[in-house]
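Asker: Got a predicted model here, sequence first, then my questions.
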2 protein chains.
Amino acid sequence: MSSTDLDPFFKPKSVAVIGASREPRKFGHVIFKNFVESEFKGKAYPVNPKAESILGLKTYPSVKEVPSELDLAVIAVPAPMVPPIIDECLSKDVKAAIIISGGFKEVGEKGEELELEIREKIKDSGLRIIGPNCIGVYDPINHIDTLFLPRYRLRRPKEGPIAFISQSGAFGSAVLDWAASQDIGISKFISIGNKIDVDEVDILNYLVDDSLTKCITVYVESISRGREFLKASSRVAKNKPLIVLKGGVTNEGASASLSHTGSLAGSAKVCAGAFKQAGVVQAQTVDELLDYARTLAYQPLPKDQKNIAIVTNGGGFGVISTDEASGLGLKLAKFNPETVRTLREKLPEYAIVHNPLDLVGDADVERYRSALDAVSSDPNVGIILVIVLLQTSFIESDVVDAITESQVTYGKPTVVCTIGGEFTQILVKMLEENRIPSYPTPERAVNAINALIQYAKALEDINKKQQLNERGTAQAGRVTKRNTTCRWPSPS
Amino acid sequence: MSSTDLDPFFKPKSVAVIGASREPRKFGHVIFKNFVESEFKGKAYPVNPKAESILGLKTYPSVKEVPSELDLAVIAVPAPMVPPIIDECLSKDVKAAIIISGGFKEVGEKGEELELEIREKIKDSGLRIIGPNCIGVYDPINHIDTLFLPRYRLRRPKEGPIAFISQSGAFGSAVLDWAASQDIGISKFISIGNKIDVDEVDILNYLVDDSLTKCITVYVESISRGREFLKASSRVAKNKPLIVLKGGVTNEGASASLSHTGSLAGSAKVCAGAFKQAGVVQAQTVDELLDYARTLAYQPLPKDQKNIAIVTNGGGFGVISTDEASGLGLKLAKFNPETVRTLREKLPEYAIVHNPLDLVGDADVERYRSALDAVSSDPNVGIILVIVLLQTSFIESDVVDAITESQVTYGKPTVVCTIGGEFTQILVKMLEENRIPSYPTPERAVNAINALIQYAKALEDINKKQQLNERGTAQAGRVTKRNTTCRWPSPS
């Protein structure tokens, strides 16, 4: 598996949309339009035997007639028509195909047979396939967009550092739309559907070397190649954070998943253990998947010191954060005597110089600045949680600058908690622009910090083991490699 | 404790704002302006010895000079000036006072002495006090608004069925602002601060009879009158749902709370047990507090049948909901053979007739209508979770009507899960308008359903016990009442 073999999916020079249509509501129309009306730099060809021209472009009756080599074919025709089209793609030496069409394994035996037929066809060929039963690829950097959902419904997010792999197309599209509304950027989105060929393992192996992706998030229901998945995950985790939400972890959920994607899910316990061993950050909920992604993508890892300082203008949120941290086994920093001295000097008498540091309701930006300066330069503090409730008129929007500057100056991971209406939402987007993650509740902010700490610790463990192994190998010459693979259920 | 003795806080005919000011940023200015510029039906008098007129209204040098009886005094002057003002209020026979000012118990011994002094003064008087160190009362029905936070920062929510009691003013103001932005309505908001007199117990006893309040939410850090709290909670729970988020449940959180409101918090275990016994729905997080409130305020309780039907157009979210329900010990309904027949007849062949019922990505409103009709009329179904991802162009906004109509027609509690950008947000507000609660993730939707079920069960238990007691009493004449009070830590 080379790290570039999926390039035709993301950097094609030429694309054919098979099933391109003149009817605006048809999937093939929306997909073709995405290529024509975006800044896609390659050539896009519509293929449809019943049309002469689509969106003003000459339309070809079959892939074979397209007057150019083809890197990528996007297939949006009824399931039974897919196998002959794959034949044409093979004879045309197309490098990659995305089968959008549903009607395969998820609908039963007949569909499963179609999948087997296609799989047989591409065996030993160079043709790689994503799908079927998927929404394909969205890559805002290379302007690849095979999403058949129109832009007035599914807004496309801007480019950013987070990659997202989803087995479920609807889940994926909902998250993309949400991300766009929150100004959250995406490096690549891949909907893998029934995984006839390319699966999460292939994509992890590809994304590990993608310098634009700083963090990978995954929603999967079934992991068919367990051992390879763990191997790929380990490799990823050494380089960048990998967050996985596993659907179908209960018997009932697994049975629902079987109907949904036709694939069997693994047990919760086996997954959790294996994930941990591989350095995967496991999300237990959709909120966690989306929350963790931003802290892990935007913020540096804490160094040796992992104790938290909480700075707040609302005592109640300070209390709740402290409860949550304590419940998760996280430690609040004990401030240095010097820090305490500075804080007492700079803050008004009624501020509560303690951790959580309560700047009190009338705190202004200057007070936040002084507090963040003092706390960030304290060697006992590894991570900073800034709670800033914006309902008071004492605080102006330059509190965003104060938080960002302290993060940049001291380099300590910083997470914000704020909740409210319009003004809050504007500041949340300003923070997002500056890559400071913010959360509406103290629990979610602390939980995101916990994910960062867990990943930092996993990475330290991995590095320690590697050093030990290297030292061991150096000393003993050749040592039998310790079996570190976990007991993953073998693929059925 | 009569159910009307707090009326002067919520239905005053005359209000004096002591510390009213001409300077727009001063608390006293904002508060006085709230009364003058709202539809408040009573008379509002500014009190300030240094001003002759504020906002064009004659200003009085002291409470005593106000030429009318006073139901309510709102006090926003520095802490040391408060006791003499209380004296004046007493001699003027003011019925209720809200002390906004901070600088009391939360800042240490001196402040504590001030509190004792005030408490001593009002002993055996008719004067009731909310505060100090609070933001007071917001009541959109009677147009009482003592929030000193300006409206351009803290938008006021419209009127609605949810009451909110908060020990923390900042938490309260953030939630109000958020609620306004989500079009969530409030019946009454009370910030209780240091609770020198009126506490959560008094307010629960008052709100139990407030017909406009359908659900009460509470954030507290300390509960000083444990037994009375449980008694009041039981009484409330029999009439309407009561949701409590308790801050300071860990040792670390409790210590933070001590600095914040100067009050000692109780242990997590004692609370949880006592809450359960009283029929209180305990929220573990801020999200839960806000999420539970809407389902419990808007939706009817499930009848005997509590099994859930999940209807979705996204298989992944169906799987995740199923996982969550199963993890919480909730049961998915097994559809009746007749329901299955109807569904097979009405839905396309590729829909997955199963629970979760997957209408598949191209589902339109008509498909939702058929599915909701069939599922709602199934006697095996007690509660309905509708997942509707709005990124497809097949679904129009009348899906809101379909969901609302099925809820109204069949009377079964219905909760929606949807996530996305602008279009989704519009539909979420339409649902909110129709009192159908919606949540951005499957886990939060299922969790809210769980809260509804837990409350329904608690109510059933309470009613059973009551019937047994009544029967027992009737049979045995006089029976010693069983001691059902819990071991609550005695107030320190």
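Answerer: In hand now; what should we look at?
Asker: Excluding chain neighbours, give the residue nearest to the residue of the stretch 351-492 of chain A at minimum distance from chain B in space.
Answerer: Nearest residue of the stretch 351-492 of chain A to chain B, counting by C-beta to the nearest C-beta: residue A:421, 3.4 Å away. (C-beta placed from N, C-alpha, C; glycine too.) Closest residue in space to residue A:421, ignoring its immediate chain neighbours: residue B:181 at 3.4 Å, by C-beta to C-beta, 6 or more residues apart in numbering or on different chains.
Asker: Quick check: that neighbour touching residue A:428?
Answerer: No. Applying C-beta atoms under 8 Å, one finds residue B:181 not in contact with residue A:428, separated by 11.8 Å.
Asker: more neighbours, those two?
Answerer: Ranked by neighbour count (other C-beta atoms under 10 Å in any protein chain shown), residue B:181 and residue A:428 place residue A:428 first, with 23 against 18.
Asker: Could you double-check that that one lies in contact with residue A:418?
Answerer: Yes. Contact status for residue A:428 versus residue A:418: in contact at 6.5 Å, counting by C-beta under 8 Å.
Asker: shared neighbours of these two, which are they?
Answerer: With contacts defined as C-beta atoms under 8 Å, 6 or more residues apart in numbering or on different chains, the residues shared by residue A:428 and residue A:418 are residue A:438.
Asker: if we can go back for a sec, list the contacts of the residue of the stretch 351-492 of chain A closest to chain B.
Answerer: B:154-155, B:177-178, B:180-181.
Asker: rerun that using 6 Å as the cut-off
Answerer: For residue A:421, the contact set (C-beta atoms under 6 Å, 6 or more residues apart in numbering or on different chains) comprises B:155, B:177, B:180-181.
Asker: cool, and residue A:351?
Answerer: A:359-360.
Asker: element containing the residue nearest to residue A:166 when sequence neighbours are not counted, please.
Answerer: Among residues not flanking residue A:166 along the chain, residue A:172 sits closest, at 3.6 Å (C-beta to C-beta, 6+ apart). According to DSSP states H and E, residue A:172 maps onto helix A:169-181.
Asker: And residue A:416, by the same measure?
Answerer: Going by DSSP H and E, residue A:416 is in strand A:414-417.
Asker: What of residue A:408?
Answerer: helix A:399-410.
Asker: circling back: for the contacts of residue A:421, which one is nearest residue A:149?
Answerer: residue B:181 (26.7 Å; C-beta to C-beta).
Asker: Name the member of the contacts of residue A:421 with the most neighbours.
Answerer: In terms of neighbour count, residue B:177 stands highest of the contacts of residue A:421 at 26 neighbours, by other C-beta under 10 Å.
Asker: Spit out the contact partners of that residue.
Answerer: If you count contacts by C-beta under 6 Å, 6+ apart, residue B:177 has them with A:391, A:420-421, B:154-155.
Asker: before we move on, what about residue A:162?
Answerer: A:186, A:215, A:293, A:297.
Asker: Adding secondary structure, distance to chain B and neighbour count, write the residues you listed out as a markdown table.
Answerer: Below are the contacts of residue A:162 laid out as a markdown table (DSSP: H, G, I helix; E, B strand; the rest coil; distance: C-beta to the nearest C-beta, whole Å; neighbours: other C-beta atoms under 10 Å in any protein chain shown):
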| residue | secondary structure | distance to chain B | neighbour count |
| --- | --- | --- | --- |
| A:186 | strand | 14 | 25 |
| A:215 | strand | 20 | 25 |
| A:293 | helix | 14 | 29 |
| A:297 | helix | 19 | 24 |
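Asker: Can you add distance to residue B:332 and pLDDT and give these back as CSV?
Answerer: CSV is the format used below for these (distance: C-beta to C-beta, whole Å; pLDDT from 0 to 100):
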residue, distance to residue B:332, pLDDT
A:186, 33, 98
A:215, 34, 98
A:293, 30, 98
A:297, 35, 98
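Asker: what number of residues lie near residue A:169?
Answerer: Neighbour tally, residue A:169, other C-beta under 10 Å: 28.
Asker: thinking again about what came up before, roughly how far does the residue nearest to residue A:166 sit from residue B:273?
Answerer: 43 Å (C-beta to C-beta, to the nearest Å).
Asker: These two: which has the busier surroundings?
Answerer: A side-by-side neighbour count of residue A:172 and residue B:273, using other C-beta under 10 Å, places residue A:172 first with 28 against 14.
Asker: Do I have it right that residue A:294 meets residue A:435?
Answerer: No. Applying C-beta atoms under 6 Å as the test, residue A:294 and residue A:435 come out as separate, 8.3 Å apart.
Asker: quick one: which of these two has more around it?
Answerer: residue A:294 (27 against 18).
Asker: near chain B, which residues of the stretch 101-250 of chain A show up?
Answerer: For the stretch 101-250 of chain A, the residues in contact with chain B under the definition C-beta under 6 Å from any C-beta of the partner chain are A:107, A:149-150, A:153-155, A:168, A:170-171, A:173-174, A:177-178, A:180-181, A:221, A:247-250.
Asker: so what's the backbone phi/psi at the spatially most central residue of chain A?
Answerer: With distances taken as C-alpha atoms, centre = their mean, residue A:217 lies nearest the centre of chain A, 2.8 Å away. Backbone torsions for residue A:217, taken as degrees, to the nearest 10, come to phi -110, psi 140.
Asker: wait, doesn't it sit right on residue A:243?
Answerer: Yes. Here residue A:217 reaches residue A:243: they are 4.8 Å apart, a contact under C-beta under 6 Å.
Asker: so what sits against both of those two?
Answerer: Common neighbours of residue A:217 and residue A:243 (C-beta under 6 Å, 6+ apart) are residue A:293.
Asker: and the helix or strand encompassing residue A:444, what other elements does it pack with?
Answerer: Using DSSP H and E, residue A:444 falls within helix A:442-476. Counting contacts by 3 or more C-beta pairs under 6 Å, 6 or more residues apart in numbering or on different chains; DSSP states H and E, helix A:442-476 is packed against helix A:286-298, helix A:315-327, strand A:414-417.
Asker: Thank you, goodbye.
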